[in-house]
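Participant: only geometry, no sequence info:
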């Protein structure tokens, strides 16, 4: 039952919002806390493709992969990076050791909810091999929760929060009236309002558009972050197992000789699956990897994306990335494309026969096509050059039958002006996580949520 007033309202039920609520329940158990999540309850999040009910995206009204309680992270492959060196920009606002301390605190919470304790350690020998060929591998202690185990961990976390705070799903916040801290919430039975002493925007990637629009209406200055556009690479798992068995995720960047652009290899999924994501009606690709041996495949996949930072007067990097992805949807007839690397280099389309003849069998039912018809030449040149550079340290990466799915985008939300995560000019209104451009990983989003909760608890709400 919706109350008329709360001590704190958290907009968004992703990992950052859940961690914030968890810490508030620990430190301020008498405080009234509500989470408003516009998507499904975690127990009702079922993607028709993942469940085997459909072979291609059905464009559900609410994408079960991207939206719902526990956020997009619930259906990620669950990589947890225990480092401040990558995974977001929190070290620009907090000391690096503080970030790591909060990441470790969040990990202990996840372990208490059933997450694995296994950790992959850095490997200097592999880093040296990369450096010998002008490839630069970032290193950190990494945990792989697994898409399946990660979902169960999130479910246990949510179950433990029920009763400690009010959780509303199918609850879309359509506006926040900043001066009175009044929230307008659309629930299944109609529109409601409530007030809050403190409001936390924890909207995640799926809610970044709403948050940016709210900031623009309320004259909160925003700063654009980078945008990454590229492909999801799929190949036989054996090609990269020398890396994946030791460090799990090879996270490597390369500066192209042709343009001087940085291309990043990351989001590695050993023996995983390529999946479709629906963000605001635009289909892109991503990767999953399960801990259950029965769900593993013969392939591994990873993102290979070219990083772009736009300068004045252009201020819409997210719109740019979505436009590129929408072109792939248009060309594929409402789906995503897949092309063999050899066909791309030979300037020809991959058709169904060529895809059928591929020695790398696709794990996602995508439309065979030509990525050069939708992706800018510069980004494709960067990707092809990088694949051949990676082929030196992992022979087989640039094989003719390596599959490229497109388009994959990682766009990072515009960051608002804040003072210790409080929106500048608006007391008691805060922003955290991926949707506000502070983080881009489970670990740092979790840390951001815990840090803000401690700040609120010190002020006694």
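Facilitator: Nice, I can see it. It should be emphasised that the depicted structure is a prediction, and the values quoted were computed from it without experimental measurement.
Participant: ok, and for stretch 182-195, which residues are buried?
Facilitator: Of the residues in stretch 182-195, 183, 185, 186, 194 count as buried by neighbour count, 16 or more other CB atoms under 10 Å. In short, each C-beta sits where N, CA and C put it, glycine included.
Participant: in the chain, which spans are helices?
Facilitator: Applying DSSP state H to the chain gives helices spanning 15-27, 96-112, 124-131, 147-161, 208-217, 241-247, 317-331, 341-345, 352-357, 377-393, 442-458.
Participant: which residues are in contact with residue 366?
Facilitator: Listed by CB atoms under 8 Å, 6 or more residues apart in numbering, the contact set of residue 366 reads 274, 276, 285, 332, 335, 336, 337, 338, 405.
Participant: who are the contact partners of the fourth one?
Facilitator: Residue 332 makes contact with 366, 367, 369, according to CB under 8 Å, 6+ apart.
Participant: pull the most distant pair out of the contacts of residue 366.
Facilitator: 274 and 332 (14.3 Å; CB to CB).
Participant: before we move on, the earlier item: next, give me the two most distant ones among the buried residues of stretch 182-195.
Facilitator: Within the buried residues of stretch 182-195, 186 and 194 form the most distant pair, 12.4 Å apart (CB to CB).
Participant: what's the longest strand in this structure?
Facilitator: The residue-count maximum for a strand in the chain (DSSP state E) belongs to strand 190-201.
Participant: average model confidence for it?
Facilitator: The predicted model gives strand 190-201 an average pLDDT of 98.
Participant: care to break the protein down by domain?
Facilitator: Domain ranges of the chain: 5-120+141-223+415-458, 227-411, per automatic domain parsing.
Participant: chain neighbours aside, what residue packs nearest to residue 57?
Facilitator: Leaving aside its sequence neighbours, residue 57 sits nearest to residue 276 (CB to CB, 6 or more residues apart in numbering; 4.7 Å).
Participant: quote the end-to-end distance of stretch 275-288.
Facilitator: Taking CA to CA, to the nearest Å, stretch 275-288 runs 7 Å from one end to the other.
Participant: low-confidence bits of the stretch 351-461 of the chain, can you list those?
Facilitator: Along the stretch 351-461 of the chain, the parts satisfying pLDDT under 70 run over 461.
Participant: low-confidence regions, the stretch 151-300 of the chain specifically.
Facilitator: Residue ranges of the stretch 151-300 of the chain with pLDDT under 70: 225.
Participant: and the pLDDT for residue 50?
Facilitator: What the model reports as pLDDT for residue 50 is 69.
Participant: make 305 the first number, not 1, from now on.
Facilitator: Sounds good: first residue 305 from here, last item residue 354.
Participant: now flag whichever of the contacts of residue 636 is closest to residue 616.
Facilitator: For the contacts of residue 636, the closest approach to residue 616 (CB to CB) belongs to residue 673, at 35.0 Å.
Participant: so who does that closest one touch?
Facilitator: Counting by CB under 8 Å, 6+ apart, residue 673 touches 635, 636, 641, 642, 643, 653, 654.
Participant: if we use 7 Å, what do you get?
Facilitator: 635, 636, 641, 643, 653, 654 (CB atoms under 7 Å, 6 or more residues apart in numbering).
Participant: can you check residue 404 too?
Facilitator: Residue 404 sits next to 386, 387, 388 when contact means CB under 7 Å, 6+ apart.
Participant: redo the buried residues of stretch 486-499 as a markdown table? Include distance to residue 505.
Facilitator: Putting these into a markdown table (distance: CB to CB, whole Å) gives the following:
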| residue | distance to residue 505 |
| --- | --- |
| 487 | 11 |
| 489 | 14 |
| 490 | 17 |
| 498 | 16 |
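Participant: burial of the closest residue to residue 744 other than its chain neighbours, as a residue count?
Facilitator: Nearest residue to residue 744, sequence neighbours excluded (CB to CB, 6+ apart): residue 392, at 4.9 Å. Residue 392: 23 surrounding residues under other CB atoms under 10 Å.
Participant: can you name the residues bridging to residue 392?
Facilitator: For residue 392, the beta-bridge partners under DSSP bridges are residue 743.
Participant: got the confidence number for it?
Facilitator: Looking at residue 392, its pLDDT reads 92.
Participant: surely it touches residue 746?
Facilitator: No. Taking CB atoms under 7 Å as the definition, residue 392 is not a contact partner of residue 746, at 10.0 Å.
Participant: still on that earlier bit, in a markdown table, list the contacts of residue 670 along with distance to residue 730.
Facilitator: What follows is the contacts of residue 670, written out as a markdown table (distance: CB to CB, whole Å):
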| residue | distance to residue 730 |
| --- | --- |
| 578 | 41 |
| 580 | 37 |
| 589 | 37 |
| 636 | 43 |
| 639 | 42 |
| 640 | 39 |
| 641 | 43 |
| 642 | 46 |
| 709 | 41 |
